[in-house]
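1. I'd like to go over a predicted model; first the sequence, then the structure.
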Amino acid sequence: MSQVTLTQGGNGTVWIDHSLAFRSRERLFIPTEIWQKERNSYYRRLSLPKRAESYLEPLIERAQAGVAAVAKAVVDVSSSCPNRQFPDKRYNFLAYA
């Protein structure tokens, strides 16, 4: 019979040594010392910038542009159909127009 070793992380996670899905944190991630030495090559292989902001800023801009386009469409529909009611008040797209 195999022995089960459980380790609880600080945020409620549980690591189970023999499990592939819940194995120890050290086996899930690249060890810190290897990461420190080789991280530049990982970034290069994945074509990622070293700063997350450089990657995220264009994505955020595209998302904001998409939300603004939806807001404009809502305003256009609202102005062309003044009696049109939007039943779900949780989505206030007009705030983005």
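-> Arrived safely. Numbers count the residues shown, from 1 in each chain.
2. show me this protein divided up by domain.
-> Residue ranges for the structural domains of the chain, counted by automatic domain parsing, are given in the record as 6-45, 53-96.
3. average pLDDT for stretch 39-59?
-> The pLDDT scores in stretch 39-59 average 92.
4. just the residues contacting it, thanks.
-> Outside stretch 39-59, the residues that touch it by Cβ atoms under 8 Å, 6 or more residues apart in numbering are 30, 35. Any C-beta I mention is one placed from the backbone N, CA and C, and that applies to glycine too.
5. how does it look with 10 Å?
-> With contact meaning Cβ atoms under 10 Å, 6 or more residues apart in numbering, stretch 39-59 is reached by 30, 34, 35, 60, 63.
6. start and end of it, how far apart?
-> Here the two ends of stretch 39-59 are set 23 Å apart, with distance taken as Cα to Cα, to the nearest Å.
7. show me where this structure has strands.
-> Assigned by DSSP state E, the strands in the chain fall at 6-8, 14-16.
8. any weak-confidence spans in this structure?
-> Low-confidence segments of the chain, defined by pLDDT under 70, span residues 1-27, 78, 80-97.
9. what segments of it are helices?
-> Along the chain, counting by DSSP state H, helices occupy 25-28, 32-45, 52-80.
10. same list, those, but as TSV with mean neighbour count please.
-> Shown next, in TSV, are the helices of the chain (neighbours: other Cβ atoms under 10 Å):
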stretch	mean neighbour count
helix 25-28	10
helix 32-45	10
helix 52-80	11
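11. can you list the contacts of stretch 39-59 in TSV and add distance to residue 50?
-> TSV is the format used below for these (distance: Cβ to Cβ, whole Å):
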residue	distance to residue 50
30	16
34	17
35	13
60	18
63	23
